[in-house]
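*Asks:* The amino acid sequence is not available; the structure is as follows:
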């Protein structure tokens, strides 16, 4: 598999995404890809000679997926996998090229619905307040910032957040997950450094923060913290790290690697329904249960169960990953799924949950499939196969 660069929102690798762009084409309407309810973002080539495509996926359970006669190239409009998709529209904030855009696929091409100037924050996290209101978060010159986007007309309101102060010796917010629940936004983050002259020995601030933000006022009401882990999620523009379950309890998992912390464990926290505090009675040390592996992504599949994309310990972003089923309510590992090792970087949106089943995309050493896992029967079934010279699968999406 091709190595894909770790484009963390706080890194100096922003210069690598300065791609040539054409003039802005404005459209007022768009269509979901015809004949399909799913899509995949795919990479072809080796860095820096890479091209990125959005391909329609007719079925998760059978057939083949390729870009031949199917892939809309996104290179030059959208950079790789940090894309938000809803109802067949794709949203992307490219701090490097200074544009925020809404896009859709039509007749084999990625078309621009609207692009607006945008250099105000280096985005990391997002949440939907409703079907037409997208809220994104990130760091801008050491300030925590947000933008509220009305996606029908692509209007934008920006502001700054009063998060916990950055301590001496650190310079940026590592913003991880964002979750909307009950007219409040929960924002997980840590603090870090942007002095990459000492990489990989970056300074580490071992603390997890969660700020509670009133919506729509966007005022920070409180901030809670915990010293048992760092890297509060994400960034979730790449893959989810939090969810709200049927009991309206909010769960999130940490990935200390996001903050260049290679010693702290990945752990799960809970904020119960009706509370805005981290639950003091709940603490699930995921790393301790899985041989010190880390948790760069988590998808809720229902009935208290989630699938974790589990990363072996170490500093390489290309470490192997596995998929583990956990019971988040009891804080226990149920099993590691009998799937091929997933090879590549940690920031991949690899799971679609539908009709109580999980559809898991695996970048394997030889042939790449979407696998169906049915928690009711505990069965794995091989599904659609990716073919045709695809080097890396970055995201799979449900469009409707």
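*Replies:* Yes, it's here. Here the structure is a predicted model, which is why all the values come from computation and not from measurement.
*Asks:* Count the neighbours of residue 205 for me.
*Replies:* The number of residues packed near residue 205 is 18, by other CB atoms under 10 Å. All C-beta atoms are positioned from the backbone trio N, CA, C, and that covers glycine.
*Asks:* Spatially nearest residue to it (excluding sequence neighbours)?
*Replies:* Spatial nearest neighbour of residue 205, excluding adjacent residues (CB to CB, 6 or more residues apart in numbering): residue 191 at 4.9 Å.
*Asks:* quick one, phi psi at the one you found?
*Replies:* With angles defined as degrees, to the nearest 10, residue 191 sits at phi -130, psi 150.
*Asks:* How about residue 252?
*Replies:* Torsion angles, degrees, to the nearest 10, at residue 252: phi -150, psi 160.
*Asks:* low-confidence ranges in the protein?
*Replies:* Where the chain drops to pLDDT under 70, the residues are 1-35, 80, 316-318, 344.
*Asks:* how long is stretch 202-213 end to end?
*Replies:* Using CA to CA, to the nearest Å, the end-to-end distance of stretch 202-213 comes to 29 Å.
*Asks:* residues of it that come out buried?
*Replies:* Residues of stretch 202-213 classed as buried: 202, 204-213 (neighbour count, 16 or more other CB atoms under 10 Å).
*Asks:* Let's have those in CSV, adding distance to residue 73 and secondary structure.
*Replies:* Below are those laid out as CSV (distance: CB to CB, whole Å; DSSP: H, G, I helix; E, B strand; the rest coil):
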residue, distance to residue 73, secondary structure
202, 35, coil
204, 39, coil
205, 40, coil
206, 42, coil
207, 42, coil
208, 39, strand
209, 39, strand
210, 39, strand
211, 38, strand
212, 41, strand
213, 37, strand
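*Asks:* ok, so of these, who is nearest residue 160?
*Replies:* Residue 160 lies nearest to residue 213 out of these, by CB to CB, at 11.8 Å.
*Asks:* you'd agree residue 194 is in a helix?
*Replies:* No: counting by DSSP: H, G, I helix; E, B strand; the rest coil, residue 194 falls outside a helix, being coil.
*Asks:* quick revisit: measure the residue nearest to residue 205 to residue 179 for me?
*Replies:* Relative to residue 179, residue 191 is positioned 20 Å away (CB to CB, to the nearest Å).
*Asks:* Compare the two and say which is more crowded by neighbours.
*Replies:* Neighbour comparison, residue 191 and residue 179: the larger count goes to residue 191, with 26 against 23 (by other CB under 10 Å).
*Asks:* need the contact list for the more buried one.
*Replies:* 164, 166-167, 170, 172-174, 205, 207, 209, 259 (CB atoms under 8 Å, 6 or more residues apart in numbering).
*Asks:* now do 6 Å
*Replies:* Applying CB atoms under 6 Å, 6 or more residues apart in numbering to residue 191 gives the contacts 166, 170, 205.
*Asks:* Same check on residue 166?
*Replies:* Contacts for residue 166 were tallied using CB under 6 Å, 6+ apart; they are residue 191.
*Asks:* mind checking how far it is from residue 145?
*Replies:* 14 Å.
*Asks:* what does residue 322 give?
*Replies:* Between residue 322 and residue 145 the distance is 35 Å, computed by CB to CB.
*Asks:* ditto for residue 49
*Replies:* Where residue 145 is concerned, residue 49 sits at a distance of 33 Å (CB to CB).
*Asks:* So which of these two has more stuff around it?
*Replies:* Ranked by neighbour count (other CB under 10 Å), residue 49 and residue 145 place residue 145 first, with 20 against 7.
*Asks:* Which residue is the nearest non-sequential neighbour of that one?
*Replies:* residue 121 (4.0 Å).
*Asks:* quick one: contacts for the one you found?
*Replies:* 138, 140, 145.
*Asks:* gap between it and residue 160?
*Replies:* Distance, residue 121 to residue 160, using CB to CB: 9 Å.
*Asks:* Need the residues touching each of the two.
*Replies:* Contact with both residue 121 and residue 160 is made by residues residue 145, according to CB under 6 Å, 6+ apart.
*Asks:* what secondary structure does residue 258 sit in?
*Replies:* Secondary structure, three-state DSSP: residue 258 is helix.
*Asks:* distance of it from residue 281?
*Replies:* 26 Å.
*Asks:* Same drill for these two, tell me which one is more crowded.
*Replies:* Comparing residue 258 with residue 281 by other CB under 10 Å, the one with more neighbours is residue 258, at 29 against 6.
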